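Participant: Sequence plus predicted model, see below.
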Amino acid sequence: MSIYFGTDGLRGIYGEEITSSIAFKCGNSLARQCGDKRLVLIGRDSRKSGDLLTHAFTSGLLSAGINVIDIGIASTPVIAFITKKLGLDFGVVISASHNPSNYNGIKIFDRYGYKISEEVEERIERKFVLPSYKNYLELGNYYFKPKLIRMYKKKLLTQYKSLEGLKIVLDCANGASYKIAKDLFTKLKANVIVINDKPDGLNINDNCGALYPNKIQEAVIEHNADIGFAFDGDADRIICCNEKGEILDGDDILYLLASRDKKIKGIVGTSMTNKGLENALQKKNIELLRADVGDKYVVELMKNKNISLGGEPSGHIILHNISTTGDGVLTALAIAKIMQTEKVTLSSLIDYQKFPQVNINIPVIDKYRILNSDLLSSEILKIQQMFGNNGRVLVRASGTEPKIRIMCEHINSNTAESQAKKLKKLVLELNKSQKSN
């Protein structure tokens with residue numbers, strides 16, 4: 001099991017879990033995984049520590065003889081796309097995605113645009129201990145080529161034509177999408193209103209973007225827009241708002257896209273995907289397969305089952321015919337195109353009922369020790385037996401933070417809430433006992 005890598009690369013508070021030293025070691029170790037191209041792409045989101053970590057990671061690569069192409073501020077899906085398009089050894093994103101600005105992280109994609117496997121992560125970690133240094137004649141070369149981002153824009157502009165007639169609000173979370181999202185929707189002739197598109201290094205995800213859907217709600221109502229899209233810091237996830245100001249999460253988006261495509265016979269969700277979505281898809285003869293939480297696990301199952309659509313309630317949506325990873329901007333274009341083509345409102349496209357779901361996140365000292373508690377396992381089993389076919393319970397360790405995540409889902413909202421609170425109380429008690437020890 002990896003020590004540094006979680007479910008979505010390396011991530012943590014800058015200066016604590018993520019430092020320039022770790023970034024250098026990771027870059028230097030990755031260099032020894034490179035193939036014949038000996039060329040790595042790197043980009044970052046807009047947070048203040050991004051420059052330093054990018055340079056540190058790049059230095060690790062260059063010192064081991066690997067050439068680096070830096071494209072500056074770019075979304076995660078842009079990095080994945082260009083890496084695959086050019087057949088580079090790896091693509092690297094310096095980003096902490098939806099986390100606050102004091103966090104940062106490192107995501108790595110292989111030459112095919114997919115997040116690297118746990119096996120590769122472990123190989124990289126094992127080489128952290130002993131760096132590799134080339135002599136000055138063998139050092140790698142550094143290239144700054146932000147214009148390569150045009151390749152991604154060109155691809156999307158060939159996939160989607162005019163969006164004329166739609167008024168669209170974009171919340172760019174003061175992150176990596178602050179230029180590209182507006183540019184694409186404007187080129188497609190939509191009437192575009194953009195908010196939170198002025199990153200200063202500190203305001204990324206700060207009371208804006210996908211984690212704060214109230215902002216896109218307010219803007220859609222204020223501007224009488226047809227639809228609103230909110231991205232997170234690295235634009236690999238999306239939350240929507242319809243013309244009534246109602247929020248659509250990843251489950252709603254999956255339903256919308258799957259139900260409008262007659263070719264789709266199955267999609268991939270996760271253990272967090274709402275039971276109501278599963279029931280609605282069954283009525284349309286569409287099978288829901290569940291992967292572990294984490295978009296890379298969704299993509300793995302999609303690849304194995306040859307499925308073109310998948311995603312998570314958090315808003316990671318993978319359109320595998322076009323992209324190898326979650327892509328908020330691409331998903332927004334796909335939704336807008338359905339509305340424009342069918343001349344319908346977004347609210348009319350969602351006609352299923354979710355099971356009431358309660359989610360609680362609890363900061364803890366040792367998430368894995370709590371998760372392996374016999375007391376907690378026993379209580380979870382009791383609740384699931386009580387729920388039967390009317391609900392689900394899931395307790396898991398966060399893959400990116402020191403937290404236990406609790407989900408209770410039931411046809412009766414009061415039942416879901418009461419059982420979630422019961423589990424929260426137990427987790428807090430177990431965490432308290434860890435403190436006292």
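Facilitator: Okay, I see it.
Participant: For the helix or strand that contains residue 334, which residues meet the burial criterion?
Facilitator: Taking DSSP states H and E as the criterion, residue 334 maps to helix 328-342. Using 16 or more other CB atoms under 10 Å as the test for burial, helix 328-342 gives 328-340. No exception for glycine: its C-beta is placed from N, CA and C like everyone else's.
Participant: what do you get for stretch 417-431?
Facilitator: Buried residues in stretch 417-431 (16+ other CB under 10 Å): 417, 419, 420, 423, 424, 426, 427, 430, 431.
Participant: ok, residues contacting that stretch?
Facilitator: In this structure, residues lying in contact with stretch 417-431 by CB atoms under 8 Å, 6 or more residues apart in numbering are 356, 358-360, 362, 364-365, 370, 373, 375-376, 379-380, 383, 386-387, 393, 395, 404, 406-408, 410.
Participant: as a whole number, average confidence for that stretch?
Facilitator: For stretch 417-431, mean pLDDT rounds to 95.
Participant: what's the answer for stretch 165-176, then?
Facilitator: 98.
Participant: Run a quick neighbour tally on residue 226.
Facilitator: Residue 226 has 21 neighbouring residues, counting by other CB atoms under 10 Å.
Participant: Distance check, it against residue 291.
Facilitator: Distance from residue 226 to residue 291, counting by CB to CB, to the nearest Å: 32 Å.
Participant: cool, and residue 335?
Facilitator: Distance from residue 335 to residue 291, by CB to CB: 22 Å.
Participant: Against residue 212, how distant is residue 227?
Facilitator: Distance from residue 227 to residue 212, by CB to CB: 17 Å.
Participant: neighbour-wise, which of the two wins?
Facilitator: More crowded of residue 227 and residue 212, by other CB under 10 Å: residue 227, with 24 against 17.
Participant: What segments of this protein are helices?
Facilitator: 20-31, 50-63, 76-86, 118-126, 149-159, 180-187, 213-223, 250-259, 275-283, 295-305, 328-342, 367-371, 374-387, 413-436 (DSSP state H).
Participant: Now do the fourth one against helix 20-31, angle only.
Facilitator: In terms of direction (axes from the mean of the first three to the mean of the last three CA atoms, to 10 degrees), helix 118-126 departs from helix 20-31 by 120 degrees.
Participant: How about the second one?
Facilitator: Computed with the same axes, to 10 degrees, the direction of helix 50-63 lies at 40 degrees from that of helix 20-31.
Participant: Contacts for helix 50-63, please.
Facilitator: Counting by CB under 8 Å, 6+ apart, 14, 18, 20-21, 23-31, 40, 42, 44, 67-68, 70, 73, 92, 94-95, 104, 106, 131-134, 139-142, 201 sit against helix 50-63.
Participant: quick revisit: highest mean neighbour count out of the helices of the chain?
Facilitator: Mean neighbours per residue, mean count of other CB atoms under 10 Å, is largest over the helices of the chain for helix 76-86, with a mean of 25.
Participant: what's that one packed up against?
Facilitator: The elements that helix 76-86 packs onto, with contact taken as 3 or more CB pairs under 8 Å, 6 or more residues apart in numbering; DSSP states H and E, are strand 39-44, strand 67-73, strand 90-94, strand 103-110, helix 149-159, helix 328-342.
Participant: so where's the protein uncertain?
Facilitator: 1-2, 436-437 (pLDDT under 70).
Participant: Now the residue of it most remote from its centre. Its backbone dihedrals?
Facilitator: Distance from the C-alpha centroid of the chain peaks at residue 137, with 39.6 Å (CA atoms, centre = their mean). Main-chain torsions, residue 137, degrees, to the nearest 10: phi -80, psi -20.
Participant: nearest to residue 9, of the helices and strands packed on helix 76-86?
Facilitator: Of all the helices and strands packed on helix 76-86, it is strand 103-110 that lies closest to residue 9, at 3.9 Å by CB to CB.
Participant: Show me the contact partners of that closest one.
Facilitator: By CB under 8 Å, 6+ apart, the list of residues contacting strand 103-110 from outside reads 8-14, 18, 23, 26, 30, 47, 49-50, 53, 57, 76, 79-80, 83-84, 90-97, 99, 115-116, 120-121, 124, 324-325.
Participant: That one vs helix 50-63, what angle?
Facilitator: 40 degrees.
Participant: from the middle of its chain, how far away would strand 103-110 be?
Facilitator: 11 Å (CA atoms, centre = their mean, to the nearest Å).
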